[in-house]
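A predicted structure for the sequence below; I have some questions about it.
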Amino acid sequence: MSASVIPAGAGDTSSTELKEHTTIVVLGASGDLAKKKTFPALFGLHRNNYLPKDCKIVGYARTKMDHEEFIKRVKSNIKTPTKPIEEQLVTFVDKCIYVSGQYDQDESFQNLENTLQKIEAGRPNNHRIFYMALPPSVFISVSQHLKKNNYPKNGIVRLIVEKPFGKDLDSSRKLQKALEPDWTEEEIYRIDHYLGKEMVKNLLILRFGNEFFGATWNRHHISNVQITFKEPFGTEGRGGYFDEFGIIRDVMQNHLIQLLTIIAMERPLSFSAEDIRDEKVRVLRAMPQIATENVIIGQYGKSEDGSKPAYLDDDTVPKGSRCPTFCAVAMFIKNERWDGVPFILKAGKALNEQKAEIRIQFKDVTSGIFKDIPRNELVIRVQPDEAVYIKMNSKLPGLSTQTVLTDLDLTYKRRFSDLKIPEAYESLILDAIKGDHSNFVRDDELDASWRIFSPLLHYLDENPEVVPMSYPYGSRGPPVLDDFTSSYGYKFNDQVGYQWPVQSTELPHKL
Ligand code: BG6
């Protein structure tokens, strides 16, 4: 396979890659996020020799546990299918140390400092990456204590933070204000893990590296864009956290809006972090706040066969909660490229399948020689089974004069069968090690997206008469969904015989 390389200017070249003398401190090391994502990602980087030379990993959390117990947790989500990988895990855990301490006491952070200094003894620099895998309640306190007690005297510091970044515009600004005196924007890496997904990282290349997409990427050719997130499971066990946020704050205001901005942005001047993020912010600033009439919300009930529980059956969910577990919203961008094109964002839990995709539906071809010929669609499937395919019309092979809906299909596991797709967290932690901010959320970006969502969120929070529509666990969502999407111009194409990735040639259209 031949491949061209993204030219210089890719990545944030003004920043420094931490190649050695670096310690990564994972705060919240006993929690779920650290166990499921952070440690496996760090192991992935270790396996591929991407961690800085001599890198140590310090886990910090309130839970009291000994080294063995900590290592057991670190390993618990790491698979070792082969002997060499098992051996790499041994060298990985040799790098890991645990310190237990409180999140609001100087003595605890001083104790952490002692451990860090022991590790760093004899090194000319002490670079530190603080990874905050923490609940929002302790976020500010920890960041302040880190600054006071653990800010490196002779090295570079990076602070990786995880959502939620507030609950609306005001709380997000408050959080931002609390970080500002201690940490520069350059030091902060706000993770939105969707930005680390392989297909999301491909969006800029697809759009700006292919002339034929560029030519049609506007309101003259595109009818509507749908960005969809579906999960086949409910809140099982996470109801307490989820109920405080709901699907709009949990997935839409961050992950889906990130996809939207990359799809809609203008060509950046370069691939540098600031040029990319400037363009993303411009898109958000051209978007009006969401109008409540452009929204439907839902909450899952029991599955049709009664085997799966309703959201309200979850013991961790407050009784009578009106929290949306599904939302569909039509958003608009008031600029020359996109004015009038609906961007329909849909996100839901406990649906019929797992899927994240972007579906760009083109306008009808000029009528006359065809009757009801399906529209072209470009589908970018983020997960699972990464793929890019274009639904297009073709002549049915043979002696007939009929058209058939088919596709041009780039399915990764067929085309790139010998390549491993890295986990999003692996790729993002590596970016932070390299000092590349391109795939992290900038403060003004966050502000601009909360501005769009906050009025809707307040309206839903403050009006008890607004109740989500019920949909069965395992279904496609509230029954009105199809009417909702078609009211924004989406034409569902139900040509029998076509369903990506399967093709049969039953009942094609006549020319
Ligand atoms: C998280 C949300 O940010 O993203 C979860 O809090 C959601 O509710 C998850 O399940 C989805 O991530 P992924 O990578 O599994 O699609």
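Now that the structure is in, tell me what you want to look at.

quick one, what contacts the one residue in the stretch 201-350 of the chain that gets nearest to the ligand?
Proximity of the stretch 201-350 of the chain to the ligand (Cβ to the nearest ligand atom) peaks at D250, 4.7 Å away. Heads up, the C-betas are built off the backbone N, CA and C, glycines and all. Neighbouring residues of D250 by Cβ atoms under 8 Å, 6 or more residues apart in numbering: F242.

Wait, a strand at it?
No: the assignment for D250 is helix, going by DSSP: H, G, I helix; E, B strand; the rest coil, so no strand is present there.

separation between it and Y473?
As defined by Cβ to Cβ, to the nearest Å, D250 lies at a distance of 18 Å from Y473.

again, but for L396
According to Cβ to Cβ, L396 stands 40 Å off from Y473.

can you check L45 too?
From L45 to Y473 the distance is 37 Å (Cβ to Cβ).

More neighbours: which of these two?
Higher neighbour count among L45 and Y473: Y473, with 25 against 22, using other Cβ atoms under 10 Å.

what sits against the more buried one?
By Cβ under 8 Å, 6+ apart, Y473 lies in contact with G234, Y300, G301, K302, S303, K308, P309, A310, A350.

Okay, and the fifth one sits in which element?
I take that to be S303. If you go by DSSP states H and E, S303 is not part of any helix or strand.

what sits against the residue of the stretch 1-150 of the chain found nearest the ligand?
The ligand sits closest to K37 of the stretch 1-150 of the chain, with a gap of 8.9 Å, by Cβ to the nearest ligand atom. With contact taken as Cβ under 8 Å, 6+ apart, K37 is in contact with A133, H193, E423, Y425.

Just give the number of residues close to the residue nearest to the first one when sequence neighbours are not counted.
Right, A133. In space, and not counting its chain neighbours, A133 is closest to G28: 3.8 Å by Cβ to Cβ, 6 or more residues apart in numbering. Other residues within reach of G28, judged by other Cβ under 10 Å, total 24.

ok now do G28, which residues does it touch?
Here G28 is in contact with A34, Y60, A61, M132, A133, L134, P135 (criterion: Cβ under 8 Å, 6+ apart).

Please indicate which of those residues are buried?
A34, Y60, A61, M132, A133, L134 (16 or more other Cβ atoms under 10 Å).

what about the closest residue to K413 other than its chain neighbours, which SS state?
Leaving aside its sequence neighbours, K413 sits nearest to D385 (Cβ to Cβ, 6+ apart; 6.5 Å). Counting by three-state DSSP, the backbone at D385 sits in coil.

Next up, the contacts around D385.
With contacts defined as Cβ under 8 Å, 6+ apart, D385 is in contact with T411, Y412, K413.

Redo these as TSV? Include secondary structure.
Below are the contacts of D385 laid out as TSV (three-state DSSP):
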residue	secondary structure
T411	strand
Y412	helix
K413	helix
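
Separate out the buried members of those residues.
The neighbour count (16+ other Cβ under 10 Å) marks T411, Y412 as buried among the contacts of D385.

Out of the contacts of D385, the closest to the ligand would be?
Distances from the ligand to these, taken by Cβ to the nearest ligand atom, are shortest for Y412, at 16.3 Å.

How about the contacts made by the closest residue to that closest one other than its chain neighbours?
Counting by Cβ to Cβ, 6+ apart, the nearest residue to Y412 once its immediate chain neighbours are dropped is E386, at 4.2 Å. The contact partners of E386, by Cβ under 8 Å, 6+ apart, come to E198, M199, T411, Y412, K413, I421.

how near is the closest residue to Y488 other than its chain neighbours to S487?
Excluding its sequence neighbours, the residue lying closest to Y488 (Cβ to Cβ, 6+ apart) is P342, at 3.9 Å. Counting by Cβ to Cβ, the gap from P342 to S487 is 9 Å.
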